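Enquirer: quick one: sequence and predicted model below, then my questions.
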Amino acid sequence: TRKIWIMTTQQELLETRRVRAKRLSSILSSTTRLSSANIMSERFFRDASVDAQTPSKCLIIGSGAAGLVCADSLRQFGTKYEIVMVTRDCHPPYDRPRLSKGIDLKINSITLRSEDFFRKHKIEYNMNQEVEKIDFDTKKVTCTSGRIFDYDKLVIATGLVAVRPPKSVIGSDLRGIFTIRSIDDASSLSSYFKERVASSTESLNVIVVGGSFIAMECVSYFVNNKANVTVMSRNKPFSAAFGAKVSDKVMALHAKNGIKFHVDAKFDIVEYKDVRGRPGHLGMVKLADGSVVPADICVLAIGGMPATSFLVGSKLKLTPDNYVPVDEHMRTSLADVYAVGDIAHFPRSCLLGIDSTSGNNTVSIAHWGVANGQGRSAAVSLVADLDERVERASFKIVPYFWSINFGKAIRYAGHCTQFDECVFHEDKTKANEFKFAAFYVVANKVVAVATLDWDPLCSVFAELLYNKIAVSKADIVEDAANLRNLLK
């Protein structure tokens, strides 16, 4: 049994205990949260026998959080589906968000479900199976390996693929250029970095491209291993989503830990170059302004795109950028086909406490918790497909995510793509120069909160959203701590 130690104050512990006793159980009842540190006990799994007389096969494409929770939930509900999972990965399911927080993690430390688990619960798990095409008329899925899988119900949970430079960019095939999307990506990066450190007499120069959470999380690994790290981005990290004040705080935290920033389009990489003595290996990069800077390793963290190329041109409806539109039950435009996770474009009305009449009608949120909830919602709908007595439960969630940057916890609750104003609070005691709470206001209403080292403020706001308790600008403009009073 793995133990996790959590440090907190007595006041925060009492607050959390009170909130949990009153409300948290109802949130968790609708969302199965998976992590390698807290895997749901198998006592929740019912008899996994398959009805031999009237079998119905559920094929799940993908082994990320959404697909795995869907399979888990079907077994927890005691359904008689024959469950088959296919994945392009060559490992059992694992905790993907931890990769950028610890690049040299071993697969055993982040595995969510073992092959023995799948055998025990009669879930057929097929690795190394990249889907090539789907015939929705005959209900057959063809993989690049040549294998064909049939289905009665289909759940597409293929997630995102990392954006890489076009092959037309000179030198983009050099060794030393990485993304961090899979455990194999992280392992290759870690091994290459250690190999370069061992063979070099000087500190390595690492360039991280992008201002994403993955970019900001991974830099600490290289700094802790004595590398010179430069972040290159067209915009300040997090500025587009969280505003200038939050971005400035995060950049200050990173600068204090030795990270350099080059923020401007003139720092776009237009060519990757090797150097004499190490042909085929990255040694420098040429930038849009014509300058050339040393680079032993380049990590690309510039976002992801939906892994749905095999659906383009098919009968399944896609958005212009190839996401899959779904309803509140995760159903797609085709009967018997569901989509969950990062590829799903779902109704904005699924976001608890958020005004669904403003902004886009559908959203796609690439968060671990969202993927978990969608997987479970799809499973409920799949059960309802077999048993008309089962009521479909609409997907409902309060978006919540967190990140760790140099030991500091950044948390975010709510949803906001544009805001009228950001009410920004800092540590009045000046004891923590990086501590902040940012409240994002739209039409005088707080729709999202971002914090650094200000726990449990984000959790309190998430509870308010869940219970549809409105927070106005006036509630928090003087003191961020006033937020807690609204729960009383």
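Expert: Good, I have the coordinates.

Enquirer: which pLDDT value goes with the residue nearest to residue 434 when sequence neighbours are not counted?
Expert: Residue nearest to residue 434 in three dimensions, not counting chain neighbours: residue 253, with 4.9 Å by Cβ to Cβ, 6 or more residues apart in numbering. The C-beta positions use only the backbone N, C-alpha and C, and glycine is treated the same way. If you check residue 253, the pLDDT there is 97.

Enquirer: let me know the secondary structure of residue 253.
Expert: Using DSSP: H, G, I helix; E, B strand; the rest coil, the three-state assignment for residue 253 comes out as helix.

Enquirer: next secondary structure after the least confident helix or strand in the chain by mean pLDDT?
Expert: Between all helices and strands in the chain, the lowest mean by mean pLDDT, DSSP states H and E belongs to helix 25-28, at a mean of 32. Later in the chain than helix 25-28, the nearest helix or strand by DSSP states H and E is strand 57-61.

Enquirer: that older thread, pretty sure the residue nearest to residue 434 contacts residue 403?
Expert: No: look at residue 253 against residue 403 with Cβ atoms under 8 Å: they stay out of range, at 11.6 Å.

Enquirer: in the top strand by length along the chain, which residues are buried?
Expert: Taking DSSP state E as the criterion, the chain has its longest strand at strand 278-287. By neighbour count on 16 or more other Cβ atoms under 10 Å, the buried set for strand 278-287 is 281, 282, 283, 284, 285, 286, 287.

Enquirer: from the contact counts, what lies against the helix or strand just after that strand?
Expert: The C-terminal neighbour of strand 278-287 among helices and strands, as given by DSSP H and E, is strand 292-294. For strand 292-294, the packing partners by 3 or more Cβ pairs under 8 Å, 6 or more residues apart in numbering; DSSP states H and E come out as strand 205-209, strand 278-287.

Enquirer: contacts for strand 292-294?
Expert: Contacts to strand 292-294, defined as Cβ atoms under 8 Å, 6 or more residues apart in numbering, come from residues 205, 207, 230, 273, 283, 284, 285, 286, 287.

Enquirer: now with 7 Å, please.
Expert: Under the contact criterion Cβ atoms under 7 Å, 6 or more residues apart in numbering, strand 292-294 has outside partners 205, 283, 284, 285, 286, 287.

Enquirer: skipping adjacent residues, who's closest to the second one in space?
Expert: In other words, residue 283. Excluding the flanking residues, the one nearest residue 283 by Cβ to Cβ, 6+ apart is residue 275, at 3.1 Å.

Enquirer: what pLDDT does that neighbour get?
Expert: In this model, residue 275 carries a pLDDT of 91.

Enquirer: next one: it relative to residue 178, how far apart?
Expert: Using Cβ to Cβ, to the nearest Å, one gets 18 Å for the distance from residue 275 to residue 178.

Enquirer: compare the two (neighbour count), which wins?
Expert: Neighbour count, other Cβ atoms under 10 Å: between residue 275 and residue 178, residue 178 has more, with 24 against 13.

Enquirer: residues contacting the residue lying closest to residue 239 once chain neighbours are set aside?
Expert: Of all residues not flanking residue 239 in the chain, residue 247 sits nearest, at 4.0 Å (Cβ to Cβ, 6+ apart). By Cβ under 7 Å, 6+ apart, residue 247 lies in contact with 236, 237, 238, 239.

Enquirer: identify each buried residue in the host helix or strand of residue 247, please.
Expert: Counting by DSSP H and E, the element that carries residue 247 is helix 244-256. Buried residues in helix 244-256, counted by 16+ other Cβ under 10 Å: 245, 246, 247, 249, 250, 251, 253, 254.

Enquirer: where does pLDDT dip in the stretch 251-400 of the chain?
Expert: Applying pLDDT under 70 to the stretch 251-400 of the chain flags the ranges 356-359.

Enquirer: show me where it has its helices.
Expert: Using DSSP state H, counting those that start in this stretch, the helices of the stretch 251-400 of the chain run over 368-386.

Enquirer: now the residue positioned nearest the centre of the chain: closest residue in space, sequence neighbours ignored.
Expert: Against the mean C-alpha coordinate of the chain, by Cα atoms, centre = their mean, the closest residue is residue 367 at 3.8 Å. Distances taken as Cβ to Cβ, 6+ apart put residue 401 closest to residue 367, at 4.8 Å, once the chain neighbours are dropped.

Enquirer: now residue 244
Expert: Nearest to residue 244 is residue 236, by Cβ to Cβ, 6+ apart, at 7.0 Å.

Enquirer: thought that neighbour was touching residue 211?
Expert: Yes: in this structure residue 236 lies within contact range of residue 211 using Cβ atoms under 7 Å: 6.5 Å.

Enquirer: the two: which is more packed in?
Expert: For residue 236 versus residue 211, neighbours defined as other Cβ under 10 Å are more numerous around residue 211 (26 against 19).

Enquirer: pretty sure the more buried one sits in a helix.
Expert: No: looking at residue 211 with three-state DSSP, it is coil, so not inside a helix.

Enquirer: just confirm it contacts residue 232, I think it does.
Expert: No: in this structure, residue 211 is not within contact of residue 232 by Cβ under 7 Å, at 9.1 Å.

Enquirer: hmm, back to that, most surrounded residue in the contacts of residue 247?
Expert: Busiest of the contacts of residue 247 [other Cβ under 10 Å] is residue 237, holding 25 neighbours.

Enquirer: if I look at it, how far off is residue 103?
Expert: Here residue 237 is placed at a distance of 19 Å from residue 103 (Cβ to Cβ).

Enquirer: now do residue 247
Expert: Residue 247 sits 24 Å away from residue 103, going by Cβ to Cβ.

Enquirer: and what of residue 145?
Expert: From residue 145 across to residue 103, the span is 30 Å (Cβ to Cβ).

Enquirer: quick one: which of these two has more around it?
Expert: residue 103 (22 against 12).

Enquirer: what pLDDT is listed against the more buried one?
Expert: Reported pLDDT for residue 103: 95.
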